[in-house]
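Provided below for reference: sequence and predicted model.
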Amino acid sequence: MSALPILDLSATADTNRRPELLAQLRASLFDIGFLYISNHGVPEPVISHLTAFLPRLFDLSEASKAALSKLNSPHFLGYSGFAEETTRGERDLREQFDFATELPLVWTGGDVGAAKGGGEAYSQLFWRLRGPNQWPEESELPGFRAALTDYHDALAALSYCFVHLVEEAFSIPVGTFDNFFRPAPQHRIKLVKYPPITPSITSSTSLGVGPHADTSGWLTFLLQPSPHNSLEVLSPQTGEWIPAPPVPGTFVVNFGHAFEAATAGAVRATVHRVRAPEQPAEPRYSVPFFMGLPLGARVSNVREWIPRHVLEMRKDREEPEEDPRWEVLGEAQLRKWIRSHVDVAKKWYGSDAVAYYSQ
Ligand SMILES: O=C(O)CCC(=O)C(=O)O
Ligand SMILES: [Fe+2]
């Protein structure tokens, strides 16, 4: 495969074209695990209102950005400066703001490994991931919060519709997974800037973000508003990097680790990376939306709802290795955040938690 499939979602409303769309979706799910969707129904102004803010958001003063630092947030929400985040131990050449569904703190206390014993609702440490955003001052960026909230709501709605389509492609009743998303999980949105690499950036990589599979959610919906051909997807079949260039009017969709684990590897969490732009290019901006997960759910429970014929799709593949410590979805999420932002983790979760989740 040299190009990723583009699924035209307008076919969902057309009984003649719908079966072909579902066949295309099945092929994309079980083959590459990465696809584009067009005619997705998110209104263009919802997208352009948000993207128009991106340069101004990143041009906020250093003091304003520092006031929003992730270091203030046990929920790993807020700003992280250039190359402060790591992927597999390498610094990523990007700067970013993390936002999430606006939800209050629910965590009621707990300790490392508390999830193993079950415990009362919301006492496990991973519930501390859920909590409120850090918003820029409205006077500094008037309208930004409303634009991001509209975008969040539209993408959340799209993600639920898309999961219904996946259920149809799996031939299971539409709405099967709805139970797992009640009460509504916290979805996450990253606003990312990849500045062009200058000679003053001395780094062992030239990657905006290193090779990784997504661990932040159930599914990812990526908006590429800049023209750069920077995103690449590792073909599971050939081991080659397939370009995933921006295609106007589309989102790129891919699947997180939890989805791969729940389908026992039938749908892959495909590895991808982003090349940093080279001078004299303009900065690249991107906006991944990570559809949230019910933090208390267990992979094995979700798997009970996946039909045998889907699980059997994996038969010619190596099953992903599963560590029982990360079987609770919230534990796997906490591990991901602790590993990518060790400084935030040490401050809020302490060295023992960092040691436990870094293994
Ligand atoms: O910026 C992009 O195009 C992709 C970013 C990404 O893969 C991620 O944040 O997980
Ligand atoms: Fe990613």
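Thanks, I have the structure now. Ligands and ions are numbered 1, 2, ... in the order given.

if I look at the spatially closest residue to residue 303 that is not a sequence neighbour, how far off is residue 127?
In this structure, residue 303 finds its nearest non-sequential neighbour in residue 262, 5.2 Å apart by C-beta to C-beta, 6 or more residues apart in numbering. All C-beta atoms are positioned from the backbone trio N, CA, C, and that covers glycine. Counting by C-beta to C-beta, to the nearest Å, the gap from residue 262 to residue 127 is 21 Å.

Compare the two and say which is more crowded by neighbours.
Set residue 262 next to residue 127 and count neighbours by other C-beta atoms under 10 Å: residue 262 wins out with 29 against 23.

Backbone dihedrals for that one, please?
As for residue 262, its main-chain torsions (degrees, to the nearest 10) stand at phi -70, psi -30.

Could you count how many residues lie near residue 167?
Counted with other C-beta under 10 Å, residues neighbouring residue 167 total 17.

for residue 80, same thing?
Burial of residue 80 is recorded as 24 neighbouring residues (other C-beta under 10 Å).

How about residue 274?
Using other C-beta under 10 Å, residue 274 has 24 neighbouring residues.

Could you confirm it falls within a strand?
Yes: Residue 274 sits within a strand when classified using DSSP: H, G, I helix; E, B strand; the rest coil.

Torsion angles phi and psi at the residue of the stretch 201-350 of the chain found nearest ligand 1?
As assessed by C-beta to the nearest ligand atom, ligand 1 sits closest to residue 286 within the stretch 201-350 of the chain, at 3.3 Å. Main-chain torsions, residue 286, degrees, to the nearest 10: phi -150, psi 160.

near ligand 1, which residues of the chain show up?
Contact residues (C-beta under 6 Å from any ligand atom) of the chain with ligand 1: 190, 192, 209, 214, 222, 224, 231, 272, 274, 286, 288.

Break down the protein into its helices, ranges please.
Here the chain has its helices, by DSSP state H, at 18-30, 44-58, 62-67, 144-169, 257-262, 299-303, 308-311, 329-340, 342-358.

Mean neighbour count, those helices: which tops it?
Of those, the one with the most neighbours on average (mean count of other C-beta atoms under 10 Å) is helix 257-262, at a mean of 24.

Can you lay out the residues of the chain next to ligand 1 as CSV showing pLDDT?
Output for the residues of the chain next to ligand 1, formatted as CSV (pLDDT from 0 to 100):
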residue, pLDDT
190, 98
192, 97
209, 91
214, 95
222, 98
224, 98
231, 97
272, 97
274, 95
286, 98
288, 98
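
got CSV for the residues you listed, with distance to residue 7 too?
Formatted as CSV, the residues of the chain next to ligand 1 follow (distance: C-beta to C-beta, whole Å):
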residue, distance to residue 7
190, 23
192, 24
209, 25
214, 19
222, 14
224, 16
231, 18
272, 18
274, 22
286, 20
288, 18
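
and the two most separated of those?
Spatially, the most separated pair among those is 214 and 224, at 15.3 Å (C-beta to C-beta).
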